[in-house]
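*Asks:* okay, predicted coordinates and the sequence, questions at the end:
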Amino acid sequence: MQNASGQNTLKNSLKASLTSFVLRPHSLIFSKPFALVCMLYGGTYLTANTLDTITSTVQNKPISHITSGTLKFAASSTANIGLCLFKDQAFARLFGPGGPPRPVPLPSYALFTIRDCLTIFASFNVPPLLGPVITKTMGQELHKGLNGQMIAQFVAPAAVQVFSTPLHLLGLDLYNRGGKVEWSERWRLVRQNWGVSAMARICRIVPAFGVGGVVNAKVRKTLLEKLE
């Protein structure tokens, strides 16, 4: 967000954040941005896990069963979008161009909603569908420490960022510069920041929904198996 608003470059922002994390980790852990991120991903996984457990109970399936249907997409998206819009509104004001806080315009909300729907679909619905397909193409050696579900859990959320990043940048630009800017100028800024912002979002999404998705599935399965 700092890069998109012109407040700071991505390189300098990452350097400052890493320095703060290494030298003063408590200042990051107890900060408002960290709390907002924990709220976002914690709420999203809690919703997805709750739906999986209810579905497996109602449909008389193994309690560790993972769903991939429309209901899971709707529930996870609703939780994620609601929490993410709250987080983005706070972030835009924390890391925006400065000055008194302004309301986030409705077009920005719409773009952020589409962005988050793409990420949620790629993180929660695609891996259970794509995983078995990848597994069939893998050799026996790879099966020993890896499976298609795990690969899909990393690849799908990362790949979709290439398409969702322009929506993210456009939504931020509508907030940062308002409505009195030519669309050609907005598109120029989006193209300018597309690559670096996509890589930054991939680096954020892979730990959250790649590593997080794999760890969440394993922890959930282990805990539920102990309860059976």
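*Replies:* That came through fine.

*Asks:* which elements pack onto the helix or strand containing residue 170?
*Replies:* In this structure, residue 170 sits in helix 148-177 according to DSSP states H and E. With contacts defined as 3 or more C-beta pairs under 8 Å, 6 or more residues apart in numbering; DSSP states H and E, the packing partners of helix 148-177 are helix 2-5, helix 70-95, helix 106-120, helix 126-137, helix 183-205, helix 212-227. For every residue, glycine as well, the C-beta is placed using N, CA and C.

*Asks:* elements contacting the longest one?
*Replies:* Helices and strands touching helix 70-95, by 3+ C-beta pairs under 8 Å, 6+ apart, are helix 32-58, helix 106-120, helix 148-177.

*Asks:* ok, the third one next?
*Replies:* Here helix 106-120 is seen to pack against helix 70-95, helix 148-177 when contacts are counted using 3+ C-beta pairs under 8 Å, 6+ apart.

*Asks:* show me how far the first one is from its chain's centre.
*Replies:* By that I understand helix 70-95. Offset of helix 70-95 from its chain centre (C-alpha atoms, centre = their mean, to the nearest Å): 9 Å.

*Asks:* find the nearest non-adjacent residue to residue 108, please.
*Replies:* Nearest residue to residue 108, sequence neighbours excluded (C-beta to C-beta, 6 or more residues apart in numbering): residue 171, at 4.1 Å.

*Asks:* which among the helices and strands packed on helix 70-95 is found nearest to residue 128?
*Replies:* Among these, helix 148-177 comes nearest to residue 128, with 7.0 Å by C-beta to C-beta.

*Asks:* what comes up buried for the closest one?
*Replies:* Buried residues in helix 148-177, defined by neighbour count with 16 or more other C-beta atoms under 10 Å: 148-158, 160-161, 164-176.

*Asks:* residue closest to the middle of this protein?
*Replies:* residue 205 (4.8 Å; C-alpha atoms, centre = their mean).

*Asks:* list the contacts for the closest residue to that residue other than its chain neighbours?
*Replies:* Nearest residue to residue 205 in three dimensions, chain neighbours excluded: residue 157, at 4.9 Å (C-beta to C-beta, 6+ apart). The neighbours of residue 157, taking C-beta atoms under 8 Å, 6 or more residues apart in numbering as the test, are 119, 122-123, 205-206, 208-210, 213.

*Asks:* circling back to that earlier point, could I get the helices and strands packed on helix 148-177 as CSV with mean pLDDT and distance to residue 58?
*Replies:* As requested, those are exported to CSV (pLDDT from 0 to 100; distance: least, C-beta to C-beta, whole Å):
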stretch, mean pLDDT, distance to residue 58
helix 2-5, 52, 44
helix 70-95, 85, 11
helix 106-120, 92, 22
helix 126-137, 89, 18
helix 183-205, 93, 31
helix 212-227, 86, 15
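
*Asks:* nearest to residue 62, out of the ones you listed?
*Replies:* helix 212-227 (8.7 Å).

*Asks:* done for today, thanks.
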